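Asker: just the structure for this:
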Amino acid sequence: MTPAEKLAAAMPKKNGRVMRKRHRLRCTIRAKRKSLHLTIAAVADVCDEDFATVQRIEMGHDPRLSIARKLANFFGMTIDELWPKK
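Answerer: Below is the predicted model of the structure:
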């Protein structure tokens, strides 16, 4: 079980929440995070990064390599899987 899946299992679930469709992002972090019912704050806290940093990355900003590695390890994926080539 990846660290993200462990954290997701411990988090309370919010059922019935309406999710707005957003523009397509270059990275898959938001989709992965939402599939595990995690908040940006939870991911940022575990990865030891600022909330705003993780939020900017989800919105399409390119992260530093060190942050990309932390996020990839957290989700149990490779950097190439989180940021697929177009």
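
Asker: other SSEs contacting the host helix or strand of R56?
Answerer: Following DSSP states H and E, one finds R56 within helix 51-58. Identification of packing neighbours for helix 51-58 by 3 or more Cβ pairs under 8 Å, 6 or more residues apart in numbering; DSSP states H and E yields helix 29-35, helix 40-46, helix 65-75. For the C-beta atoms, the positions are set from N, CA and C on the backbone; glycine is no exception.

Asker: against L38, how distant is the residue lying closest to E58 once chain neighbours are set aside?
Answerer: Setting aside the residues directly before and after it, E58 is nearest to R30 in space (Cβ to Cβ, 6 or more residues apart in numbering), at 4.5 Å. For R30, the distance to L38 equals 10 Å [Cβ to Cβ, to the nearest Å].

Asker: number of nearby residues for the closest residue to L38 other than its chain neighbours?
Answerer: Among residues not flanking L38 along the chain, A8 sits closest, at 5.5 Å (Cβ to Cβ, 6+ apart). Applying other Cβ atoms under 10 Å, we find 17 residues neighbouring A8.
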